[in-house]
Every structure is written in C-alpha cells, then in structure tokens.
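**Q** this one's structure only:
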C-alpha cells in the first residue's frame, strides 16, 4: 500500500499541473518509514539536524566547534551514517538552540503543536485553491492511516 502511495505522489499532477520530480531512494525510504510508523532512524535525525543548521546559517565546521564535536563525526551524523550518544546529542541541540521535542517530533507526543505550526508555515503562501488541494491530499492520507490502523487492530 505505501509503495502505491509513493508512486501516486511521483506521477500525479498536483497544484501546478506539473509532474513532481521523483523521490530519491533515500526519500522513498524515509517516506516508507514514516508511513509504516517506524521509529525515527539515523537518516531522518541527521537530515533534521542539517536542516536546523542551515536555518541558523551555520557551517558544519562552525556547528561542530560550538557543540564541541568533530566536524567529520557531525557530517556523518547529518548523513545518517552515525548516531550520536545522548551526551553528544544534547551538545548538538544546545549548539543549535533547539528543543529535543522539535527534532524528535515524530516520536514525542508533546511535539504535536510544533508539527502543526510547521505544516501551517509551509502552506501560508498558498492560494485558496492550492490550500484546498493540500486539504484533499491530507484527508486522503489521514483516511488511509485510519483505515490501516483499524485493519491492523482487527488482525491482532
């Protein structure tokens, strides 16, 4: 089912009527993991650290210096090939001036308001018709998630 969802996203024309560029294998794996409700992996964690670093306009070297970690190691964390220890994770969070619940938003229930705010920010420049399309896509996804959740509960 999730592979069908990914294919639909790749081939359907949304909003502009143009084909969405295909996901890389990494994005497919991330989407699959999120769709299947799997725990956050190193790749997602690293991508979020990189995203925040770039938002703060920090180079990899500067963030490593502030956090007191090696540049090579931090690069490996961002690429998802290494997982930091809890102590190092806290150093990185402090250097990025961010809360762990923001970074772990898919895993921490208390982060739900942040996720909702993030979604709202992503849509603020859309036209009313584009917002309707986003709403329709979200409805379809939510209905799919609910259906699968009910189905898996019945099978247990």
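**A** Structure received. Quick caveat: nothing in here was measured; it's all calculated off a predicted structure.

**Q** Please determine how far the residue nearest in space to the middle of the chain is located from residue 77.
**A** With distances taken as C-alpha atoms, centre = their mean, residue 44 lies nearest the centre of the chain, 6.3 Å away. Using C-beta to C-beta, to the nearest Å, residue 44 is found at 12 Å from residue 77. Placement of C-beta: from N, CA and C, glycine included.

**Q** and the residue nearest to the centre of the chain, what helix or strand is that in?
**A** Using DSSP states H and E, residue 44 sits within helix 42-55.

**Q** tell me how far that helix is from the chain's mean position?
**A** Taking C-alpha atoms, centre = their mean, to the nearest Å, one finds the center of helix 42-55 at 9 Å from the center of the full chain.

**Q** If we go by neighbour counts, what in the next helix or strand after that helix is buried?
**A** Downstream of helix 42-55, the next assigned helix or strand under DSSP H and E is helix 60-67. Residues of helix 60-67 classed as buried by neighbour count (16 or more other C-beta atoms under 10 Å): 63-64, 66-67.

**Q** all strands of this protein, in order?
**A** With strands called from DSSP state E, the chain shows them at 13-14, 18-19.

**Q** need the least confident one among the ones you listed, by mean pLDDT.
**A** The weakest mean pLDDT among the strands of the chain belongs to strand 13-14, with a mean of 38.

**Q** sorry, back to before: counting by contacts, list what the helix holding residue 44 packs against.
**A** Where contact means 3 or more C-beta pairs under 8 Å, 6 or more residues apart in numbering; DSSP states H and E, helix 42-55 is packed against helix 25-35, helix 71-79, helix 86-96, helix 100-103.
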